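> Quick one: sequence plus predicted model below, questions after.
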Amino acid sequence: MSNHFKGWNAKIVGTCQICDFRSPVISDALGLCPDCIFRHPEQARKIALGVHARSRIRWALPGSPPLDPEGIVCNLCVNQCRIPKGECGYCGLRHNTDGKMNGVSFERGNLSWYNDPLPTNCVDRSHESSDLKEFYMDSKTDMHTDILSF
């Protein structure tokens, strides 16, 4: 067991998956101490990538870029996804709907915003009267998604 962060008086919140060291600077979600990240980078990277993939799946995003040989190729970013029918790309912004690519493109973006009722959070509201081609609202969260054409 390592002596790093010796004397830390805060509540212990996490345990390193590599060396079993417990410390308040170790995230429960990630489970890696700073020393092990530097001393065992390959082992730490494997753990971190697994945690990252599991966290993405919770949000209905692929754990890794989809590479389906039958999927539609997306050239929007460096991941070069091959998106299968009915699925989305790694970014979650491009979808294969019945063999057609939908979502953002070089000409069409996705902007999310919310209505903050606190007057101290001043925001320019001039966009509310703008002529947007498409507008979506999720009534469960009061979150708005605008599809803007450039």
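Cool, the structure landed.

> as a whole number, average confidence for the longest helix along the chain?
When the chain is scanned for its longest helix (criterion: DSSP state H), the result is helix 41-58. Summarised as a single mean, pLDDT over helix 41-58 is 93.

> What are the buried residues along that helix?
Of all the residues in helix 41-58, those buried under the rule 16 or more other CB atoms under 10 Å are 44, 47-48, 51. Just so you know, the C-beta spots here come from the backbone N, C-alpha and C atoms, and that holds for glycine as well.

> which other helices and strands contact it?
Judged by 3 or more CB pairs under 8 Å, 6 or more residues apart in numbering; DSSP states H and E, helix 41-58 is in contact with helix 34-39.

> Now the helix it packs on: buried residues?
With burial defined by 16+ other CB under 10 Å, the residues of helix 34-39 counted as buried are 34-37.

> Of these, which is the nearest to residue 81?
Taking CB to CB as the measure, residue 37 is the one of the buried residues of helix 34-39 closest to residue 81, at 28.3 Å.

> In contact with the closest one, which residues?
residue 44 (CB atoms under 8 Å, 6 or more residues apart in numbering).

> if we can go back for a sec, with distance to residue 88 and pLDDT added, can I get the buried residues of helix 34-39 in CSV?
Compiled in CSV, the buried residues of helix 34-39 are given as follows (distance: CB to CB, whole Å; pLDDT from 0 to 100):
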residue, distance to residue 88, pLDDT
34, 34, 94
35, 37, 96
36, 34, 96
37, 30, 96
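
> Pipe those residues into TSV and attach distance to residue 110 per row.
TSV is the format used below for the buried residues of helix 34-39 (distance: CB to CB, whole Å):
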residue	distance to residue 110
34	36
35	40
36	38
37	33
